[in-house]
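[1] Mind folding the following:
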Amino acid sequence: MFNNTKKTLAVAAGFAGALAFGATNASADTTYTIKSGDTLNKIAANFNTSVDDIASANSVKDINFIYVGEQLTIGGSSKAVEAPKAQVQEQTVQTQPQAQTQVVAAPQQAQQVQVETPRATTSSSNNSSALNELISRESSGNVNATNGSYYGIGQLSPQARATYGGNSTDYNDQLNAMKSYISARYGSADAALAHHNATGWY
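    Now for the predicted structure:
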């Protein structure tokens, strides 16, 4: 929930719900300036390279910590990640039939259920996706992430933690506190993410 004008600590530990960036083909060394929400994993995926290569090229002592405004020199090799890209495409193709099967099966249910269920599922799915994106941007899912007085997976302020909890290192405790804060201030994770997209914080 911190403003992106502050020097922000971005944690590079991988987070299961994080969304992958579209890969670009880099054929020569590139200078990249770290932005709020970046992690080494995301940057490496975006430039078709590896975290270790970026860390080595920039003398990064601890790959778990990078800072907004820092500039990284990124090499141009893309061979190492071409195979994972193919795997992601294959997984996408395999997933599509499952989604189609669910759509076809829906008419077999009673009409009332058919009307009500998709709405609840869509809302819940969108909220979950938006919540995961906020967690990824704020802390990459690290329960010990801090930025000044902001703390945890949701980077809640001391005032927010005093109201909603989340002072422990328990992931579910922090998650529930984050959900309560978002519900009270924005009404939904989708609305909180829209505010973050517009301002860089929520």
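
[2] Do a quick rundown of the strands in this protein.
    9-11, 30-33, 65-67, 71-74, 146-147, 150-151 (DSSP state E).

[3] now for those, which one comes closest to residue 39?
    Residue 39 sits nearest to strand 9-11 of all these, at 5.7 Å, using Cβ to Cβ. All C-beta spots, glycine's among them, are computed from the backbone N, C-alpha and C.

[4] Quick check: mean pLDDT of that closest one?
    For strand 9-11, mean pLDDT rounds to 41.

[5] again, but for stretch 133-150
    Stretch 133-150 comes out at a mean pLDDT of 95.

[6] Would you mind measuring the gap between the ends of that stretch?
    Start-to-end span of stretch 133-150 (Cα to Cα, to the nearest Å) is 18 Å.

[7] Residue 31 and residue 72 touch, don't they?
    Yes: counting by Cβ atoms under 8 Å, residue 31 touches residue 72, with 7.3 Å between them.

[8] Please identify which of these two sits among more neighbours.
    Neighbour comparison, residue 31 and residue 72: the larger count goes to residue 72, with 20 against 8 (by other Cβ atoms under 10 Å).

[9] The more buried one pairs with what?
    residue 32 (DSSP bridges).

[10] which residues sit in contact with it?
    Residues in contact with residue 72 (Cβ atoms under 8 Å, 6 or more residues apart in numbering) are 31, 32, 33, 34, 43, 54, 57, 58, 66.

[11] Was I right to think residue 170 contacts residue 144?
    No: assessed by Cβ under 8 Å, residue 170 is found out of contact with residue 144, at 11.5 Å.

[12] circling back: of the contacts of residue 72, buried ones?
    Burial by neighbour count, judged by 16 or more other Cβ atoms under 10 Å, picks out 32, 34, 43, 54, 58, 66 from the contacts of residue 72.
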